[in-house]
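Trainee: following is a predicted model, sequence given first.
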Amino acid sequence: MPDTAGVKVLAYHWVDPEPGRRLRAWGLTPDVFAAQMTALVDGGYKVLSLAEALQVVRGERPVSHKTVALTFDDGYMDLLDHALPVLRRFELPATFFLVSDRVGRTNTWDARHGDPPRPLMGWKDAAALAAEGMEIGSHSRTHPFLTNLSESEMDREIRGSKEVIEDRLGRPVRFFSYPHGLHDTRCRGLVASAGYSAACSTRFGGNGAATDPFQMHRSEITHYDTSWSFWFKARTGFGIRAWATATAGELLPRFVTGQNGMTP
Ligand SMILES: [Zn+2]
């Protein structure tokens, strides 16, 4: 069965009454986001910071099945109005991953899809989040497809963004989130050598002692998640289709080779 042990890290993008058109999948309306946080709290889930989730990965902290961490990629301004009040109300920690060269500007990397640009939070907003205990991480300088870059370009995005955010906020940047979820062994190596403690991918799964801290698993929560599929992701770390594929991948070879006695 797919590995569902450990902390489930949930990945969000924007929370806005206008969730978008072509990119709608990555937007939640404020009422849905509030309902999801309410469901976690009412359901007895423990929400850890990403630093606490990393302690689980390092084997320094025991964890129950009902444990999640919350992350927000790109640093959208709308999160301040529509996600932050909910996080504050329930006293939930979260990590915000900034695109350092786009702070205070817009999501130019998504322009090719044709949706109106979305404003990104500024440095003062990020500093205020950090001051109230939220984690600020890096999501590169310009949100490129990292795996297409030369090693020096890749390093500029990975190490450079860490330095810029640390300069602007005066705090260590411990976590990286791979833009577009893309990474390879070169990216992983550069993230580790740049001094990050961990990095988030967009691969499904739980995060436990067997997890590579530089390829932590996350479940992306989309506009199309129902309360049931949201619960499934929080509970297992998998989308339903990904779960079915992973499970079939384990069962099918046994069926074909007859290990279960059904074929010779
Ligand atoms: Zn992103």
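Mentor: Right, received. Where do you want to start?

Trainee: pull the residues that contact the one helix or strand Leu54 maps to.
Mentor: In the assignment (DSSP states H and E), Leu54 maps to helix 50-57. With CB atoms under 8 Å, 6 or more residues apart in numbering as the test, helix 50-57 has contacts from 6-7, 9, 48, 61-63, 67, 69, 71, 93, 95, 135, 137, 174-175, 197-198, 200, 207-209, 211, 213, 216. For the C-beta atoms, the positions are set from N, CA and C on the backbone; glycine is no exception.

Trainee: for the chain, which residues are neighbours of the ion?
Mentor: Within the chain, the positions near the ion by CB under 5 Å from the ion are 73-74.

Trainee: quick one: work out the angle between the next helix-or-strand element following the helix holding Leu54 and helix 50-57.
Mentor: Using DSSP H and E, the helix or strand that follows helix 50-57 in sequence is strand 67-74. The directions of strand 67-74 and helix 50-57 differ by 130 degrees, with axes from the mean of the first three to the mean of the last three CA atoms, to 10 degrees as the criterion.

Trainee: Leu92: what's it in contact with?
Mentor: 37, 40-41, 47, 70, 86.

Trainee: nearest to the ion among those?
Mentor: Leu70 (15.4 Å; CB to the ion).

Trainee: does the closest one touch Ala94 like I think?
Mentor: Yes. With contact defined as CB atoms under 8 Å, Leu70 reaches Ala94; the gap is 4.1 Å.

Trainee: more neighbours: those two, which one.
Mentor: Leu70 (26 against 21; other CB atoms under 10 Å).

Trainee: quick check: bridge partners of that one?
Mentor: Leu10 (DSSP bridges).

Trainee: per-residue confidence at it?
Mentor: Model confidence at Leu70, given as pLDDT, is 98.

Trainee: so how far is Met154 from the closest residue to Leu182 other than its chain neighbours?
Mentor: The shortest distance from Leu182 to any non-neighbouring residue, by CB to CB, 6 or more residues apart in numbering, is to Thr147 (4.9 Å). In this view, Thr147 and Met154 are 8 Å apart by CB to CB, to the nearest Å.

Trainee: if we can go back for a sec, from the contacts of Leu92, which is closest to Pro179?
Mentor: Leu70 (19.0 Å; CB to CB).

Trainee: contacts only, for the residue of the stretch 151-264 of the chain found nearest the ion.
Mentor: Of all residues in the stretch 151-264 of the chain, Pro179 sits closest to the ion, at 5.1 Å by CB to the ion. Taking CB under 8 Å, 6+ apart, we find Pro179 in contact with 99, 109, 139-140, 143-146.

Trainee: nearest to Glu163 among the residues you listed?
Mentor: When the contacts of Pro179 are compared for distance to Glu163 (CB to CB), Ser140 comes out closest, at 12.4 Å.

Trainee: how about the closest one: what's its closest non-neighbour residue?
Mentor: Glu157 (4.3 Å).

Trainee: can you tell me which residues contact the one you found?
Mentor: 140-142, 144, 146, 149.

Trainee: may I ask which of those residues has the most neighbours?
Mentor: Ser140 (28 neighbours).

Trainee: quick one: secondary structure of that one?
Mentor: At Ser140, secondary structure determined by DSSP: H, G, I helix; E, B strand; the rest coil is coil.

Trainee: got a pLDDT number for it?
Mentor: Value listed for Ser140 in the pLDDT field: 98.

Trainee: repeat for Ala248
Mentor: So, for Ala248, pLDDT stands at 73.

Trainee: checking my notes, it in a strand, right?
Mentor: No. Ala248 sits outside any strand when classified using three-state DSSP, being helix.

Trainee: and Gly44, how many residues sit next to it?
Mentor: 8.

Trainee: dig out what Phe96 forms beta bridges with.
Mentor: Counting by DSSP bridges, the residues bridging with Phe96 are Phe72, Ile136.
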